[in-house]
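*Asks:* Here is a sequence with its predicted model. Questions after.
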Amino acid sequence: MQQLICADRVLTGHGWLEAGAVGVSAGRVEWVGSAAGAPHAQQRIELGDAILAPGFIDLQVNGGGGVLFNDDRSPQALARIAAAHRHFGTTGFLATLISDTPGATAEAVQATRNALAIGTPGLLGLHLEGPFLAAERRGVHRAEHFREPSDNDIGALCAHGLQHLLITVAPEHIRPAQIQRLCDAGIRLSAGHSAASFEQALAAFAAGLSGVTHLFNAMPSLAGRAPGLLGAALLNRAVWCGLIVDGHHLHPASLQLAVQMRPGRCFLVSDAMSPVGSDIDEFVLDGRKVHVRNGRLETEQGVLAGACLDMSLAVRNCLAQSGLPLDEVLRMASTYPADFLGARERGRIEVGVYADLVQLSPELEAVATWINGEHVVKR
């Protein structure tokens, strides 16, 4: 066994293990058990009073380290974004492109393919947030980029060539048959930036759409005679819901409602923009200046423009606001997004899965990570 990692608390697939250890060989977990009875390893790493948890998986990362993927659609940009988020415990992420031109979308797909081919640590695939969205719920997206999906669009997406592709769509702007075709091609579909009716949302779920992007945001509020997408998502036991827990996108009561209505089906996302992991306090998004103001990203008109959030902070916020125990919050940052994505060999500490791990201090700050067994200590 190459490494044996010992910690006061280890969150395994079966719950907490006190004074536990995780053995790693060839990039995967080989052994899990008590540190006292652990087998010999070439390297034994003692973490002391730390928590060892599954590495965080973030399915909505627009940028980081001063880089925005919409601006720089290159493997080099993806490597910088990955490195920035790894410092906060993220060991797997989807690079996210918000609604853009067809050419930019094609470049994002190709850049992600190329970055995956060279083994960029932490990159799992691509999230296309648009352009098949509703103008009336555009948020910071440019409505001029929106369009109805053609059969040629669907065909091109089905030929994506990525291990993981997630697409956010407005259910009212895509036909159920198109949803089914995309899902049959192994693509995960999520509803967002939508004014869909309750019935339209249900039809999309029945066709194979299985997630909701940043629940509560960029969709109508729940109304007595118009439950809409939000009501459909809260009532559907199979649907997964992403949550941006940064103190700006969600009221704590909305967070509590979501996790109580959808236990085990909510996961954390950062919706991070370029300031995360950098010292910049403003940037330009599709021609508009965005400012960092008291931890909130907003345009000069006050519109929310993504988040200045990393996954370790999302965990701390969720623990403080949700009323959930720590183990469940950590699953929301690791196991549940992995399961939604269909990446069951990640997001958990069990024998046979990839050794993607995060060392957390007692204050839940990320101290070190392992991706496929490769150890990096935060500087």
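*Replies:* Cool, the structure landed. Bear in mind the structure is a predicted one, so any value in this text is a computation, not a measurement.

*Asks:* For the lengthiest helix in the chain, give me every contacting residue.
*Replies:* Longest helix in the chain by number of residues (criterion: DSSP state H): helix 102-117. With contact meaning CB atoms under 8 Å, 6 or more residues apart in numbering, helix 102-117 is reached by 69-70, 73-75, 77-79, 95, 97, 100, 123, 125-126, 128, 131, 156, 160-163. All C-beta spots, glycine's among them, are computed from the backbone N, C-alpha and C.

*Asks:* Check stretch 12-30 too.
*Replies:* 1-11, 31-36, 38-39, 41, 52, 327, 335, 348-355, 357, 370, 372-374.

*Asks:* residue ranges of the helices in the chain, please?
*Replies:* Under DSSP H, the chain gives helices at 75-86, 102-117, 151-158, 176-184, 198-207, 228-235, 252-261, 311-322, 326-332, 335-341.

*Asks:* Show the contacting residues for Lys289.
*Replies:* 282-283, 299-300 are the contacts of Lys289 under CB under 8 Å, 6+ apart.

*Asks:* wait, which of those is closest to Phe216?
*Replies:* When these are compared for distance to Phe216 (CB to CB), Thr299 wins out at 19.8 Å.

*Asks:* Give me the neighbour count for that closest one.
*Replies:* Residues lying near Thr299 (other CB atoms under 10 Å) number 14.

*Asks:* ok, it touching His141?
*Replies:* No - Thr299 lies out of contact with His141 (CB atoms under 8 Å); the separation is 11.8 Å.

*Asks:* Any chance you could list what contacts stretch 31-40?
*Replies:* Identification of contacts with stretch 31-40 by CB under 8 Å, 6+ apart yields 1, 4, 6, 10, 12, 17, 19-23, 349-351.

*Asks:* Need the pLDDT of Ile379.
*Replies:* That one is not Ile; residue 379 is Arg. With respect to pLDDT, Arg379 has a value of 66.

*Asks:* if we can go back for a sec, which of the contacts of helix 102-117 are buried?
*Replies:* 69-70, 73-75, 77-79, 95, 97, 100, 123, 125-126, 128, 131, 160, 162-163 (16 or more other CB atoms under 10 Å).

*Asks:* Which members of these occur in strands, if any?
*Replies:* 95, 97, 123, 125-126, 128 (DSSP state E).

*Asks:* Flag the shaky bits of the stretch 151-300 of the chain, pLDDT-wise.
*Replies:* Under the criterion pLDDT under 70, no range of the stretch 151-300 of the chain is flagged.

*Asks:* just to revisit the earlier point, with distance to Asn294 and neighbour count as added columns, please give the contacts of stretch 31-40 in JSON lines.
*Replies:* Formatted as JSON lines, the contacts of stretch 31-40 follow (distance: CB to CB, whole Å; neighbours: other CB atoms under 10 Å):
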{"residue": "Met1", "distance to Asn294": "47", "neighbour count": "16"}
{"residue": "Leu4", "distance to Asn294": "43", "neighbour count": "21"}
{"residue": "Cys6", "distance to Asn294": "40", "neighbour count": "21"}
{"residue": "Val10", "distance to Asn294": "36", "neighbour count": "27"}
{"residue": "Thr12", "distance to Asn294": "38", "neighbour count": "20"}
{"residue": "Leu17", "distance to Asn294": "39", "neighbour count": "20"}
{"residue": "Ala19", "distance to Asn294": "41", "neighbour count": "12"}
{"residue": "Gly20", "distance to Asn294": "39", "neighbour count": "22"}
{"residue": "Ala21", "distance to Asn294": "42", "neighbour count": "26"}
{"residue": "Val22", "distance to Asn294": "39", "neighbour count": "27"}
{"residue": "Gly23", "distance to Asn294": "44", "neighbour count": "22"}
{"residue": "Ile349", "distance to Asn294": "36", "neighbour count": "25"}
{"residue": "Glu350", "distance to Asn294": "40", "neighbour count": "15"}
{"residue": "Val351", "distance to Asn294": "45", "neighbour count": "14"}
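
*Asks:* Closest one of these to Gly63?
*Replies:* Checking these against Gly63 with CB to CB, the nearest one is Ile349 at 29.0 Å.

*Asks:* How about the closest one, nearest residue that isn't a chain neighbour?
*Replies:* Thr12 (4.8 Å; CB to CB, 6 or more residues apart in numbering).

*Asks:* Switch the ones in strands among the buried ones among the contacts of helix 102-117 over to CSV; also include pLDDT and distance to Ala203.
*Replies:* Converted to CSV, these look like this (pLDDT from 0 to 100; distance: CB to CB, whole Å):
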residue, pLDDT, distance to Ala203
Ala95, 98, 30
Leu97, 98, 26
Leu123, 98, 33
Gly125, 98, 26
Leu126, 98, 26
Leu128, 98, 21
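
*Asks:* Tell me which two in the residues you listed are the farthest apart.
*Replies:* Taking CB to CB, no two of these sit farther apart than Leu123 and Leu128, at 15.0 Å.

*Asks:* gap between the longest helix of the chain and the chain center?
*Replies:* 18 Å (CA atoms, centre = their mean, to the nearest Å).

*Asks:* Please save the CA atoms from it in CSV.
*Replies:* Output in CSV follows, covering the C-alpha atoms of helix 102-117 (Å, rounded to 0.1, in the frame of the first residue of the first chain):
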residue,chain,number,x,y,z
PRO,A,102,-22.5,28.9,-30.9
GLY,A,103,-18.8,29.4,-31.6
ALA,A,104,-18.0,30.0,-28.0
THR,A,105,-19.9,26.9,-27.0
ALA,A,106,-18.0,24.7,-29.5
GLU,A,107,-14.7,26.1,-28.2
ALA,A,108,-15.7,25.3,-24.6
VAL,A,109,-16.5,21.7,-25.5
GLN,A,110,-13.2,21.3,-27.4
ALA,A,111,-11.2,23.0,-24.6
THR,A,112,-12.7,20.7,-22.1
ARG,A,113,-12.0,17.6,-24.2
ASN,A,114,-8.3,18.7,-24.6
ALA,A,115,-8.0,19.5,-20.9
LEU,A,116,-9.4,16.1,-20.0
ALA,A,117,-7.1,14.4,-22.5
